[in-house]
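1. Just the structure for this:
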Amino acid sequence: MAHTIITSSKAPAPIGPYSQATLANGTLYVSGQIALDQESGNLINDSIESETHQVMKNLQAILSEAGMDFTHVLKCSIFVKDLNNFGRINETYGSYFSSNPPARETVEVSRLPKDVNVEISCIAAK
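-> Next up is the predicted model:
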C-alpha cells in the first residue's frame, strides 16, 4: 500500500524513530503529540490547560500540513499521567471540536515521554 509521510515544520520533530503522521488511502494517522513548542524547543507545562493547548496546536499543525483540520478527525487517543486532571484536559480538548466531536478513549498511564502530563494522537480522513 502506498503511503505518504506528513511532516510539518510548525510541529515539533519526532523524538524517536517515527513520523509525525502517515497518510494512506485518504486516512491520516497522527503520532502522539506532547506539549513541545516547535519554536523554542521547550515543554509548555505551567498548567495542564496550557500543556493540553500546546498538544492540540501541534496536532493542528500536522493536520493542516495534510490539508485537514479538526473537523476531519475521526478518533483521538488521550494518554494522561493523572486521571484527576481529566476534567481540565477535557474542557481544553473539547474547545477544539465545535460540533460532532470524534470517537475517543482516555487512558491513565504511569509515565509519558519527557515526563509530560498528557499525550494525544488522532486519526483523520477527508
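2. how about residue 112, what does it touch?
-> The contact partners of residue 112, taken as CB atoms under 8 Å, 6 or more residues apart in numbering, are 34, 79, 81, 118-119. The C-beta positions use only the backbone N, C-alpha and C, and glycine is treated the same way.
3. let's go with 10 Å and repeat that
-> Contacts for residue 112 were tallied using CB atoms under 10 Å, 6 or more residues apart in numbering; they are 32, 34, 79-81, 118-119.
4. and if you look at residue 56?
-> 33, 35, 70, 76, 92-93, 95-97, 118, 120, 122.
5. same question, residue 79
-> 32, 34, 105-109, 111-113, 116-121 are the contacts of residue 79 under CB under 10 Å, 6+ apart.
6. try 8 Å
-> 32, 106-109, 112, 118-120.
7. For those residues, which single residue is the most surrounded?
-> residue 118 (28 neighbours; other CB atoms under 10 Å).
8. For that one, what are phi and psi?
-> phi -150, psi 140 (degrees, to the nearest 10).
9. pretty sure it contacts residue 54?
-> No: assessed by CB atoms under 8 Å, residue 118 is found out of contact with residue 54, at 9.4 Å.
10. anything in contact with each of the two?
-> Shared contacts of residue 118 and residue 54, counting by CB under 8 Å, 6+ apart, come down to residue 35.
11. and residue 123, what does it touch?
-> 27-30, 73-76.
12. Could you pick out the buried ones from the residues you listed?
-> Applying 16 or more other CB atoms under 10 Å to the contacts of residue 123, the neighbour count classes 28-30, 73, 76 as buried.
13. Which one of those is nearest to residue 46?
-> Among the buried ones among the contacts of residue 123, residue 76 lies closest to residue 46 (CB to CB), at 23.2 Å.
14. Next one, pLDDT for that closest one please.
-> On pLDDT, residue 76 comes in at 98.
15. Over to the one 3 residues further on?
-> The model reports residue 79 with a pLDDT of 98.
16. element containing it, please.
-> strand 73-80 (DSSP states H and E).
17. if we can go back for a sec, which one of the buried ones among the contacts of residue 123 sits closest to residue 126?
-> Using CB to CB, those come closest to residue 126 at residue 28, 8.5 Å.
18. That closest one belongs to a helix?
-> No: applying DSSP: H, G, I helix; E, B strand; the rest coil, one finds residue 28 to be strand, outside a helix.
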